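Trainee: no sequence on this one, just coordinates:
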């Protein structure tokens, strides 16, 4: 199990009296309280400093150091507004890019899509970084699966987007996390799941917060947590929601006859009661395993689409639920993976998924919002 959380683009700036930086401080406090002992790392996906000034980078770094989990910081086009990343590297994120690190058998890759461009939203991976990515993904002996973080979707690259998305699709990449959109979004192109997390500054749709994700075997889960949430926070990590299935042949993504339920419950205190319930009313109590993940099994589930809800109740009576739609199919009914069409592009957006924090308006400069 790999677990992480992702903040949105901060756009930290004195122009709004550092409002987004104040939000970031509160989110860091909440992450420390409820998540730091359960996650492997956190990510800032770029556009950290709105105008790439040293003071903006310093203030973001000061707050980021308070997080009690490893924090990886990527550059966005706003961080490159000065035409270089010298201050970004000196004051905020000194680690070189691109880079890859291992978490168990999972490779985590961090990319820079701004330095090869000319500034603004001229996103490019560049020849050298693309060659590095190709070599890294080809090393299948080192990792069973890969997770990637970059500032924007491949479809937003000015050059080489189709090549990069094809590398992800063929290279065992399970998930790509991004910022840039200003709104929450999930894409599934049939090979890779992409997720964008709502900005912390310059928000047009919804409240600030952070996304919480897990990769449980080959099952990707994602849910947005709004700032100020109280009580437990549930993330169903298995089985897979049908909207995020990338391999219909996988028994963990599309079960057959029984559902192995796994869930994370993030909370400052204990959650003594965790239950799983199918839409037909059948329910079970989940047990907490040695690694802290809650689990149970629902047997004799017929083929078809079923709604599964996991609910945690704290000792104080606070509750939270996460729901996934699970498809069960027998071995003879399993289709093969679909054709590679428009890989890495937001034509594959789930559009509207309120239960995961995606209201569907897509308000932001990438789609329907203002031109910040």
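Mentor: Everything's here; your move. Everything quoted here is computed from the prediction, not taken from an experiment. Numbers count the residues shown, from 1 in each chain.
Trainee: How confident is the prediction for residue 276, by pLDDT?
Mentor: Per-residue confidence (pLDDT) for residue 276: 97.
Trainee: In terms of helix, strand or coil, where does it fall?
Mentor: Three-state assignment for residue 276 (DSSP: H, G, I helix; E, B strand; the rest coil): strand.
Trainee: which stretches of the stretch 251-372 of the chain form strands?
Mentor: 259-266, 273-278, 283-285, 287-288, 294-298, 304-313, 319-328 (DSSP state E, counting those that start in this stretch).
Trainee: for the stretch 1-150 of the chain, what are the low-confidence residue spans?
Mentor: For the stretch 1-150 of the chain, no stretch is flagged by pLDDT under 70.
Trainee: that older thread, please identify the most buried of the strands of the stretch 251-372 of the chain.
Mentor: Each of the strands of the stretch 251-372 of the chain was scored by mean neighbour count; the highest is strand 259-266, a mean of 23, by mean count of other Cβ atoms under 10 Å. Where C-beta positions appear, they are placed from N, C-alpha and C, glycine not excepted.
Trainee: Wait, residue 267 touches residue 232, no?
Mentor: Yes: contact status for residue 267 versus residue 232: in contact at 4.0 Å, counting by Cβ atoms under 8 Å.
Trainee: what about these two, which has more around it?
Mentor: Between residue 267 and residue 232, residue 232 has the larger neighbour count (other Cβ atoms under 10 Å), namely 24 against 20.
Trainee: Give the full set of residues in contact with that one.
Mentor: Neighbouring residues of residue 232 by Cβ atoms under 8 Å, 6 or more residues apart in numbering: 265-267, 271, 312-314, 318-320.
Trainee: and what of residue 313?
Mentor: For residue 313, the contact set (Cβ under 8 Å, 6+ apart) comprises 232, 271-274, 319.
Trainee: hang on, the earlier thing: turn the strands of the stretch 251-372 of the chain into CSV, columns for distance to residue 40.
Mentor: Putting these into CSV (distance: least, Cβ to Cβ, whole Å) gives the following:
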stretch, distance to residue 40
strand 259-266, 12
strand 273-278, 22
strand 283-285, 28
strand 287-288, 19
strand 294-298, 18
strand 304-313, 21
strand 319-328, 19
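Trainee: What sits closest to residue 114 if chain neighbours are left out?
Mentor: Distances taken as Cβ to Cβ, 6 or more residues apart in numbering put residue 80 closest to residue 114, at 4.3 Å, once the chain neighbours are dropped.
Trainee: Backbone dihedrals for the one you found, both of them.
Mentor: When quoted as degrees, to the nearest 10, the phi and psi of residue 80 stand at phi -100, psi 10.
Trainee: Identify the residues contacting it.
Mentor: Residue 80 neighbours (Cβ under 8 Å, 6+ apart): 52, 88, 114-115, 117, 119.
Trainee: follow-up on the earlier one: in the contacts of residue 313, which has the lowest confidence score?
Mentor: residue 271 (65).
Trainee: In space, what's closest to residue 35 - neighbours in sequence excluded?
Mentor: residue 266 (5.2 Å).
Trainee: which residues touch the one you found?
Mentor: 34-35, 38, 212, 232-235 are the contacts of residue 266 under Cβ under 8 Å, 6+ apart.
Trainee: Find me the pLDDT at it, would you?
Mentor: Per the predicted model, pLDDT is 94 at residue 266.
Trainee: got it, and residue 333?
Mentor: In this model, residue 333 carries a pLDDT of 65.
Trainee: and if you look at residue 369?
Mentor: pLDDT, residue 369: 84.
Trainee: The contacts of residue 80 in helices, which ones?
Mentor: residue 88 (DSSP state H).
Trainee: are any of the contacts of residue 80 buried, and which?
Mentor: Buried members of those, scored by 16 or more other Cβ atoms under 10 Å, are 52, 88, 114, 117.
Trainee: out of the residues you listed, which one sits closest to residue 354?
Mentor: Distance ranking of the buried ones among the contacts of residue 80 against residue 354, using Cβ to Cβ, places residue 114 first at 32.4 Å.
Trainee: And the closest one, how far from residue 10?
Mentor: Separation of residue 114 from residue 10 (Cβ to Cβ, to the nearest Å): 16 Å.
Trainee: One more: residue 28?
Mentor: From residue 28 over to residue 10 (counting by Cβ to Cβ), the distance is 11 Å.
Trainee: neighbour count winner among these two?
Mentor: residue 10 (32 against 22).
Trainee: Looks like the more buried one contacts residue 24 (just checking).
Mentor: Yes: under the criterion of Cβ under 8 Å, residue 10 makes contact with residue 24 at 5.6 Å.
Trainee: Name the residues contacting each of these two.
Mentor: With Cβ under 8 Å, 6+ apart, residue 10 and residue 24 have common neighbours 60, 200.
Trainee: From the rest of the structure, what touches the top helix by length along the chain?
Mentor: Using DSSP H, we find that the single longest helix of the chain is helix 19-34. Contact with helix 19-34 is made by 5, 7, 10-13, 39, 42, 59-60, 63-64, 66-69, 199-202, 208-210, 227-229, 233, 266-268, as judged by Cβ under 8 Å, 6+ apart.
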